[in-house]
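Chemist: sequence plus predicted model, see below.
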Amino acid sequence: MSTRIAFLKGHGTENDFVIVPDPDNALELSPAAVAALCDRRAGLGGDGVLHVVRSAAHPEARGMADEAEWFMDYRNGDGSVAEMCGNGVRVFARYLQHAGHVAEGDLTIATRAGVKSVHIAKDGDITVGMGRARLPEGDVTVTVGEHSWPARNVNMGNPHAVAFVADLAHAGDLYTAPPVSPAATYPDGVNVEFVVDRGPRHVAMRVHERGSGETRSCGTGACAVAVAAARRDGTDPAATGTPATYTVDVPGGRLVITERPDGEIEMTGPAVIVAEGEFDAEWLAHAFG
């Protein structure tokens, strides 16, 4: 007899996810299983999987259980584990609200990059406290074809290389990861953002996410872009004492990023649940067998 497993689909600025509720951490989601679920032709399709687990039930999150009831066990579309996903946190929070686990207002969510503070507003937007950016020293270069650009190394709990370009088309097709040098800077891979200016404190970006390819949006990437832009523009809040807010257009919509003088970064944007249903565990077992 086949076993039916519940799932939902959701997106944040068109960065889309398969949501698998599993409060007791009873499901074994191998990398191959995650990749099968995210396959856009033979599976459900998504940039990644949001595995919803109670913190107390997951070995990586038990230490955060006193601060956050729920753990976002996030996986990239190829099955690899990621420390953090900004759009994913918003969609995760929307799922918790949809399922009746939380209401409007403030909540906390455990991630591999620590506990994140979240606010669900009455207007539907969700704000996530993304923590502080780290800016490792050292020059980084991004290359596409015959073109190369200097890039800013920004870590938002996951690694980013931010390159400012004249035209987003210069990023190429982004099917494969753009070479970044020196390669040793990012031993576990890197998300690469290409950025153009749209106006004062207003930029647009495209991104290649490690493990997923080009995505319609990247929340941590938008934060990294805002941080890099503030340093470039001389609006570093730590230096000016004034918060810096940037509007970041992504192919799937718009995010608003604010960095405060203490270094804390907030990301605000939409999150939508679009469908829910069940998949067959037997299909999943054979999908990668």
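Modeler: Yep, that arrived.
Chemist: residue nearest the centroid of this structure?
Modeler: Nearest to the mean C-alpha position of the chain, counting by CA atoms, centre = their mean, stands residue 85 at 2.4 Å.
Chemist: now do the contacts for that one.
Modeler: 15, 48, 72, 74, 219-220 (CB atoms under 8 Å, 6 or more residues apart in numbering). In this view, the C-beta of every residue, glycine as well, is placed from N, C-alpha and C.
Chemist: now the lowest-mean-pLDDT helix or strand in the chain: how far from the chain's centre is it?
Modeler: Least confident helix or strand, the chain: helix 281-287 with a mean of 87, by mean pLDDT, DSSP states H and E. Remark: helix 281-287 is offset 27 Å from the chain centroid, using CA atoms, centre = their mean, to the nearest Å.
Chemist: swap in stretch 195-209?
Modeler: 16 Å.
Chemist: okay, the spatially closest residue to residue 210 that is not a sequence neighbour and residue 221: tell me how far apart.
Modeler: Nearest residue to residue 210 in three dimensions, chain neighbours excluded: residue 189, at 3.7 Å (CB to CB, 6 or more residues apart in numbering). Going from residue 189 to residue 221 by CB to CB, to the nearest Å gives 14 Å.
Chemist: wait, the residue nearest to residue 210 touches residue 208, no?
Modeler: No - under the criterion of CB atoms under 8 Å, residue 189 is not in contact with residue 208, lying 10.1 Å apart.
Chemist: neighbour count for the two, which is higher?
Modeler: Higher neighbour count among residue 189 and residue 208: residue 208, with 26 against 16, using other CB atoms under 10 Å.
Chemist: packing partners for the helix or strand hosting the more buried one?
Modeler: In the assignment (DSSP states H and E), residue 208 maps to strand 202-209. Packing partners of strand 202-209 (3 or more CB pairs under 8 Å, 6 or more residues apart in numbering; DSSP states H and E): strand 191-199, strand 213-215, helix 219-233, strand 244-250.
Chemist: what lines up beside it in the sheet?
Modeler: strand 191-199 (antiparallel), strand 213-215 (antiparallel), strand 244-250 (parallel) (DSSP bridges).
Chemist: least reliable of those strands going by mean pLDDT?
Modeler: Confidence, taken as mean pLDDT, is least for strand 213-215 of the strands paired with strand 202-209 (a mean of 92).
Chemist: what about residue 186, distance to residue 159?
Modeler: For residue 186, the distance to residue 159 - CB to CB - is 5 Å.
Chemist: what does residue 273 give?
Modeler: In terms of CB to CB, residue 273 sits 29 Å off from residue 159.
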